[in-house]
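*Asks:* Got a sequence here, can you model it:
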Amino acid sequence: MAAPCDLRFDCGRICLDLVATTGGAPAERLTGPEQLSAWLAGAGLVPYDAPLDGVDGRWVARFRALRELLRRVVHDELRGRATDADLALLNSAAAAGAPPALHAVRTADGALAAALPGPPDCAGLLAAVARDAVGLLTDTMARGQLRQCAGENCSVVYLDTSRGRRRRWCSSEVCGNRERVARHRRRTMRQRVEGSGAPVVPGGGAPVVPGGGAPAVPGPATAVKNISAGR
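*Replies:* Sure thing, here's the model as predicted:
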């Protein structure tokens with residue numbers, strides 16, 4: 001099973017990867033059972049060849065509901081503290097079912113591979129994600145690595161495990177590249193304005209015109225007068 005290219009698994013925890021399936025562009029990534037099945041496999045909750053025929057619209061709705069709860073809890077904890085009501089919901093989700101137990105099986109070439117003894121249960125998979133969130137939020141070291149992306153209009157939260165804790169973006173190739181492109185455009189515009197001799201407006205705006213008005217543009221009558229005068 002190949003994961004759709006718009007799914008991502010680079011936030012550092014399964015629960016954060018689920019939250020990252022909404023927001024940005026496209027705004028919704030869990031658009032149906034196929035996308036949810038791909039996410040379950042890509043996140044490592046089930047093997048890629050696991051039987052997922054039971055995944056349907058009800059599964060999608062339940063995972064979206066857990067995602068919204070996780071989004072609130074994680075962002076509230078970043079800003080201060082989550083509500084007791086939301087923590088109670090998270091604890092209930094974590095205890096709602098038993099996560100599927102992976103078995104080690106021998107493949108045809110003699111290697112060991114992970115497999116499920118049967119189709120996974122939706123409640124068990126939801127519980128696995130919720131338990132991952134509980135583990136994250138109660139781990140002092142992991143909580144200290146939580147960061148929100150500095151990219152414009154990006155709300156993705158990730159674990160910053162970089163050296164020196166200097167990671168600024170959820171993805172250097174996405175938000176980081178957008179910031180670099182925007183910075184290059186601002187620098188190019190500033191150089192053009194400076195080369196024209198016009199004052200530079202902080203923030204990359206239009207040149208300032210003395211007296212506060214807009215740049216003077218000759219009207220038709222002025223243009224005719226100038227031409228008649230040989231200017």
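*Asks:* From Thr83, how far off is the residue nearest to the spatial centre of the chain?
*Replies:* What sits nearest the mean C-alpha location of the chain, by CA atoms, centre = their mean, is Val156, with 3.5 Å. Separation of Val156 from Thr83 (CB to CB, to the nearest Å): 22 Å. For every residue, glycine as well, the C-beta is placed using N, CA and C.
*Asks:* after the lengthiest helix in the chain comes which helix or strand?
*Replies:* The residue-count maximum for a helix in the chain (DSSP state H) belongs to helix 57-79. Toward the C-terminal end, the helix or strand that comes next after helix 57-79 (DSSP states H and E) is helix 84-94.
*Asks:* where does the nearest residue to the residue nearest to the centre of the chain once chain neighbours are set aside sit relative to Met141, distance-wise?
*Replies:* Nearest residue to Val156, sequence neighbours excluded (CB to CB, 6 or more residues apart in numbering): Cys170, at 3.9 Å. Distance check for Cys170 against Met141: by CB to CB, it reads 20 Å.
*Asks:* So which of these two has more stuff around it?
*Replies:* Between Cys170 and Met141, counted using other CB atoms under 10 Å, Cys170 has the larger neighbour count: 25 against 6.
*Asks:* Break down this structure into its strands, ranges please.
*Replies:* Applying DSSP state E to the chain gives strands spanning 103-106, 112-115, 146-148, 157-159.
*Asks:* what residue ranges in this structure score low on pLDDT?
*Replies:* Within the chain, the stretches with pLDDT under 70 are 1-5, 172-174, 176-186, 197-231.
*Asks:* what sits against Leu69?
*Replies:* Neighbouring residues of Leu69 by CB atoms under 8 Å, 6 or more residues apart in numbering: 86, 89-90, 93.
*Asks:* Mind checking which of those residues are buried?
*Replies:* 89-90, 93 (16 or more other CB atoms under 10 Å).
*Asks:* List just the nearest of the residues you listed to Leu125.
*Replies:* Minimum distance to Leu125 across these is 10.9 Å, recorded for Ala93 (CB to CB).
*Asks:* Test my guess that the closest one contacts Ala128.
*Replies:* No: using CB atoms under 8 Å, Ala93 makes no contact with Ala128, being 10.1 Å away.
*Asks:* thinking again about what came up before, angle of the longest helix of the chain against helix 84-94?
*Replies:* Put simply, helix 57-79 runs at 140 degrees to helix 84-94, going by axes from the mean of the first three to the mean of the last three CA atoms, to 10 degrees.
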